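J.: Need a 3D model of the following:
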Amino acid sequence: MHLPFARSESSRRFSGLWPALAAALVPVALLAGLYAAQGVAPFGPSSLFFGDMDGQYSHFLASFSELFGRGAFYTWHKALGGEALSWAAYYLFSPFNFLVLLFPTSQMPTAVTLITLAKAGCAGLSMQLFLRRRAGGWLSVPFSWAWALSGYLLGFSQNIMWMDALIALPLIAWGIRRILEGRSPWLYLASLAVGIFCCYYIGWMLCLYSLLYFLCGLAAGSASANKPRILIRFALASLMAGGLNAWMLLPVAKALGQGKAQAAMEWGFSTNFSLPQLLGQLFAGAYPAGQDTNTLPLVFCGTLPLVLAALFFFRPGALRPKLAAGGLLVCLLLSFWLRTPDLVWHGFQSPSWFSYRYSFLFIFTLLELAALGGKGLAERLPTTRRFASAGAVALLLACAWGLGLIPGWAAVLTLCCLAAAVLLLAMPRRRVAGLLAAFCLAAELTANGWSALEAFEPFPSTLPRLTEQWQSTVEELRAQDPSARMQLAEGGQNTPFLLDYNGLSHYSSSYSQTAYELMRALGCTGTSGWMAWSDGLTQSAASLLGLRWQLGGTASGQWQQQGDVWENPCALPLVVAAADTESERLALDRPFDNLNQVYNTLLGEDAGILHPIEAEPQVLGLEAGADGLHYTVTGENAALRFSLTAPVSGVLYASFPVYDQYCGADVFVNGEAVGQTLLQQENGTICLGQVQAGQTLTVELRPQGDFLSLGGWSFAVEDSQALATACERLQQQGLQVDQFAPGLVRGTIRVPEGCTTLFTSIPAEPGWQVLVDGKETEPGTGWGALLCVTVAPGEHQLTLRFTPAGLGAGAAVSLCSLGAAAAWLAARRLGHTAQKAPRGGQKTL
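T.: Residues are numbered from 1 along each chain as shown. Presented below is the predicted three-dimensional model:
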């Protein structure tokens with residue numbers, strides 16, 4: 001008697017499995033086909049390493065295993081070293097990153113492709129589960145494809161850590177709907193907590209949208225009768241989701257206060273673009289060439305969703321849900337358009353390059369409305385209302401085409417998809433109409449994906465070659481001196497993460513502004529967002545910062561060459577005993593004076609390392625501005641020409657600080673090109689070559705464009721012998737390192753008479769604990785940026801240990817939130833049990 005029922009239940013479960021599989025696997029298959037056609041690994045030699053994926057995330061993923069230990073709190077790969085929690089929480093906390101552990105570093109292109117495919121599949125599955133419960137019907141499957149292959153995913157896929165939000169958001173919305181229905185808050189709490197954990201930056205956008213989505217549900221009349229209880233339940237669940245991540249969020253907030261959060265914002269209600277430009281973004285092919293995705297929001301999700309979303313507003317029904325949904329869409333559109341709300345969505349920070357990073361929220365809202373609009377397709381709707389939605393989309397298409405906002409092939413493809421949508425509106429009960437509409441949507445998504453890949457131009461990655469060429473060398477050098485720094489002459493700012501060495505360069509959204517300013521003041525290349533070693537760095541600066549090896553390239557100064565490796569015999573240990581340090585910051589535009597000041601202070605006497613040369617330029621083919629720092633090209637062979645006479649023998653260096661904008665200039669010595677400067681990637685000191693005392697030479701600064709803008713100029717000769725003498729003395733007063741790990745330095749140091757402080761080339765960040773002979777000592781700051789310790793003469797045991805500032809308080813908040821969530825869950829279960837208990841005290845089995 002039970003067999004028919006069992007078969008019916010099994011059949012129902014099996015039929016529910018197929019839509020979920022189709023939602024997950026079809027986007028994976030389509031995206032994999034696009035990658036195969038473009039020759040992307042593992043289908044060919046190219047990779048997804050364009051833009052930030054090439055310069056940041058691929059290198060960071062290579063160091064993912066370092067997070068399992070102290071490396072989660074501190075890293076020596078980040079410029080001179082720095083806290084790691086804010087960096088890791090932004091880039092590496094996605095659980096999908098465990099896939100990289102299955103591949104060697106040389107196979108990172110394949111690992112990234114698989115991670116991207118996995119995230120696209122899970123995004124489709126998550127969306128299908130939400131739409132099936134929100135609106136039901138077969139449309140949940142093709143709309144899940146539109147979500148997993150949306151313009152956002154394709155345009156921002158190189159920012160791989162943001163893709164987890166596409167998986168979390170449908171679950172968050174589903175959880176909010178459950179709260180509005182008076183049901184359990186646990187799905188919302190858990191999915192929001194995970195969304196914040198995977199990337200706190202996008203997590204902020206999820207939190208803000210959750211509030212708007214909840215208020216929209218209340219305004220639409222979706223809540224059950226007991227609104228105060230629903231409000232309290234939503235608020236408590238939201239607070240607990242954030243509280244569970246407090247162990248991470250509090251240290252992140254403190255770390256961002258040292259760098260990213262210091263950037264000044266330009267508030268106001270100026271507009272970001274002309275509103276008609278947004279029309280072209282609704283259709284396929286909205287990807288400018290050259291990877292430039294920062295001009296307009298990426299909101300494409302297909303023609304069929306546009307038609308059915310419009311139908312949601314045209315169909316008969318209650319007005320409140322339409323007003324609430326329309327209000328949410330307008331809010332997001334105004335956020336795109338107006339500068340101030342746009343900055344709020346971006347965490348009160350102006351994004352660098354990739355703008356409108358929250359555009360996936362608009363796509364989600366549109367797809368939900370499309371599912372609701374398609375829910376009543378089979379109902380008897382007035383013909384005019386049914387086809388008004390298609391007419392509205394046709395009008396938008398005509399406007400976009402007329403304004404030249406979409407390519408011709410995209411207009412033709414959209415017309416075909418629009419015709420399929422009209423057929424579906426006319427024959428909603430015909431299976432062939434539904435299949436045709438789904439097929440056209442898949443074709444449109446695929447064509448748009450091809451357009452995106454064509455714009456981003458996948459190319460072979462240099463990562464496998466760099467790994468194969470240098471990994472064994474790095475391991476050998478690191479074994480000689482684990483605490484020494486080295487730098488690869490190629491490969492970008494984040495090769496220390498890729499090859500696992502202590503370097504000078506770094507580029508990410510997590511940085512120390514004071515440390516970067518100090519490195520720039522000593523002649524390194526950099527801006528507020530990244531810092532880079534360059535081959536024009538003086539040997540005195542490299543030595544002070546502990547740079548012992550250079551891999552490849554040509555070193556400037558008296559380095560010792562061993563094959564492709566250059567060794568700096570003057571490199572200082574991580575910690576040295578010094579006569580004194582200073583607390584005031586160094587000026588950004590005087591690297592040679594700054595180096596003399598630092599060395600003289602450490603030694604307690606004039607070291608005579610860098611000898612400045614005063615020079616005034618001869619202006620050729622240029623018209624000088626009133627300040628003498630801006631020049632306009634007026635003739636041929638334009639240049640600033642300097643005549644220099646070397647005061648001593650040594651290495652000649654020049655510095656041309658950037659004034660207010662990068663203009664680019666070539667540097668010539670006696671008519672021969674020696675380098676370039678005044679560029680974003682080249683703005684540090686420049687090596688002009690060896691000179692002899694009394695030698696006269698000519699240096700020219702030739703503009704690359706039609707103007708020249710610089711903050712001044714300075715020249716100096718580095719006395720190599722004086723540098724060697726000074727560094728030899730400091731090396732003898734260095735720390736003998738016994739233990740070196742991320743955020744941990746332990747060793748023995750002998751402090752001679754006349755020395756009062758320990759100078760380190762470690763950035764002074766909140767969180768360092770200093771123990772001298774087992775007793776905690778308050779650390780100081782050298783030149784406003786480096787960790788220093790006051791100490792008496794004699795032999796001492798030194799321990800430096802780093803714990804992120806705010807970690808203890810954040811962990812306490814997280815534990816309290818976990819306890820509160822457990823207590824809440826227990827109370828709800830007890831309440832349900834009490835409601836189900838029989839009256840009169842009778843027991844049931």
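
J.: now the host helix or strand of A654, how far from the centre of its chain.
T.: Secondary structure assigned from DSSP states H and E places A654 in strand 650-655. Distance, stretch centre to chain centre, for strand 650-655: 36 Å (C-alpha atoms, centre = their mean, to the nearest Å).

J.: if we look at it, which residues are touching it?
T.: 523, 536, 538-539, 556-558, 589, 591-592, 610-611, 644, 646, 667, 677, 684-691, 697, 699, 713-720 (C-beta atoms under 8 Å, 6 or more residues apart in numbering). C-beta here means a position set from N, CA and C on the backbone, and glycine is covered the same way.

J.: other SSEs contacting the helix or strand following that strand?
T.: Following strand 650-655 in sequence order, the next helix or strand is strand 665-669 (DSSP H and E). Applying 3 or more C-beta pairs under 8 Å, 6 or more residues apart in numbering; DSSP states H and E, one finds that strand 665-669 makes contact with strand 672-677, strand 686-691, strand 696-703.

J.: Please repeat the previous calculation with a cut-off of 10 Å.
T.: Under the contact definition 3 or more C-beta pairs under 10 Å, 6 or more residues apart in numbering; DSSP states H and E, strand 665-669 sits against strand 639-645, strand 650-655, strand 672-677, strand 686-691, strand 696-703.

J.: Return the most buried member of those.
T.: The highest mean neighbour count among these, using mean count of other C-beta atoms under 10 Å, belongs to strand 650-655: a mean of 25.

J.: okay, that strand in PDB with CA atoms only?
T.: Extracted in PDB, the C-alpha atoms of strand 650-655 (Å, rounded to 0.1, in the frame of the first residue of the first chain):
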ATOM      1  CA  GLY A 650      81.400  56.600  -6.800                       C
ATOM      2  CA  VAL A 651      78.000  56.000  -8.300                       C
ATOM      3  CA  LEU A 652      75.900  59.000  -9.500                       C
ATOM      4  CA  TYR A 653      72.200  59.000  -8.800                       C
ATOM      5  CA  ALA A 654      69.300  61.400  -9.700                       C
ATOM      6  CA  SER A 655      65.900  62.000  -8.300                       C
END
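
J.: just for the protein, where's the confidence low?
T.: 1-15, 225, 259-266, 288-294, 378, 380, 832, 834-845 (pLDDT under 70).

J.: How is it divided into domains?
T.: 3-37+93-457, 464-573, 612-718 (automatic domain parsing).

J.: Turn the ones you listed into JSON lines, including distance to E66.
T.: Shown next, in JSON lines, are these (distance: least, C-beta to C-beta, whole Å):
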{"stretch": "domain 3-37+93-457", "distance to E66": "12"}
{"stretch": "domain 464-573", "distance to E66": "8"}
{"stretch": "domain 612-718", "distance to E66": "27"}
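
J.: follow-up on the earlier one: turn the helices and strands packed on strand 665-669 into TSV, columns for distance to P752.
T.: Listed next are the helices and strands packed on strand 665-669 as TSV, based on distance: least, C-beta to C-beta, whole Å:
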stretch	distance to P752
strand 639-645	39
strand 650-655	28
strand 672-677	40
strand 686-691	34
strand 696-703	41
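
J.: Please point out which parts of the helix or strand that contains T833 sit buried.
T.: Using DSSP H and E, T833 sits in helix 807-836. For helix 807-836, burial by neighbour count (16 or more other C-beta atoms under 10 Å) applies to 807, 810, 813-814, 817, 821, 824.

J.: Quote the end-to-end distance of stretch 210-230.
T.: Start and end residues of stretch 210-230 are separated by 14 Å (C-alpha to C-alpha, to the nearest Å).

J.: Now do that stretch: distance to the chain's middle.
T.: For stretch 210-230, the distance to the chain centre is 34 Å (C-alpha atoms, centre = their mean).

J.: Tell me which of the domains of the chain sits nearest to T781.
T.: domain 464-573 (8.5 Å; C-beta to C-beta).

J.: Now the buried members of the contacts of strand 650-655.
T.: Counted by 16+ other C-beta under 10 Å, the contacts of strand 650-655 give 523, 536, 538-539, 556-558, 589, 591-592, 610-611, 644, 646, 667, 677, 684-688, 690-691, 699, 713-720 as buried.

J.: Now name the helix or strand holding the closest residue to M486 other than its chain neighbours.
T.: Leaving aside its sequence neighbours, M486 sits nearest to W549 (C-beta to C-beta, 6 or more residues apart in numbering; 3.8 Å). In the assignment (DSSP H and E), W549 maps to strand 547-551.

J.: Please pull up the helix or strand immediately following that strand.
T.: Sequence-wise, the next helix or strand downstream of strand 547-551 (DSSP H and E) is strand 560-562.

J.: same for the helix or strand following that following strand, what does it pack against?
T.: Following strand 560-562 in sequence order, the next helix or strand is strand 565-567 (DSSP H and E). For strand 565-567, the elements it packs on are helix 463-480, strand 485-488, strand 547-551, strand 560-562, judged by 3+ C-beta pairs under 10 Å, 6+ apart.

J.: count of neighbours near W138?
T.: For W138, the neighbour count with other C-beta atoms under 10 Å is 16.

J.: Compute the distance between the nearest residue to it once chain neighbours are set aside and L424, please.
T.: Distances taken as C-beta to C-beta, 6+ apart put G434 closest to W138, at 6.2 Å, once the chain neighbours are dropped. To L424, G434 is 6 Å away according to C-beta to C-beta, to the nearest Å.

J.: Leaving out sequence neighbours, find the closest residue to L306.
T.: V393 (4.8 Å).

J.: which residues touch the one you found?
T.: Residues near V393 by C-beta atoms under 10 Å, 6 or more residues apart in numbering: 282-283, 303-311, 414, 417-418, 421-422.

J.: cool, G402 as well?
T.: Here G402 is in contact with 276, 279 (C-beta under 10 Å, 6+ apart).

J.: The same query, at a cut-off of 7 Å, please.
T.: Going by C-beta atoms under 7 Å, 6 or more residues apart in numbering, G402 touches no other residue.

J.: from memory P428 sits against E379, does it?
T.: No - in this structure, P428 is not within contact of E379 by C-beta atoms under 7 Å, at 8.5 Å.

J.: more crowded one of these two?
T.: Counted by other C-beta under 10 Å, P428 and E379 do not tie: P428 has more neighbours, with 17 against 10.
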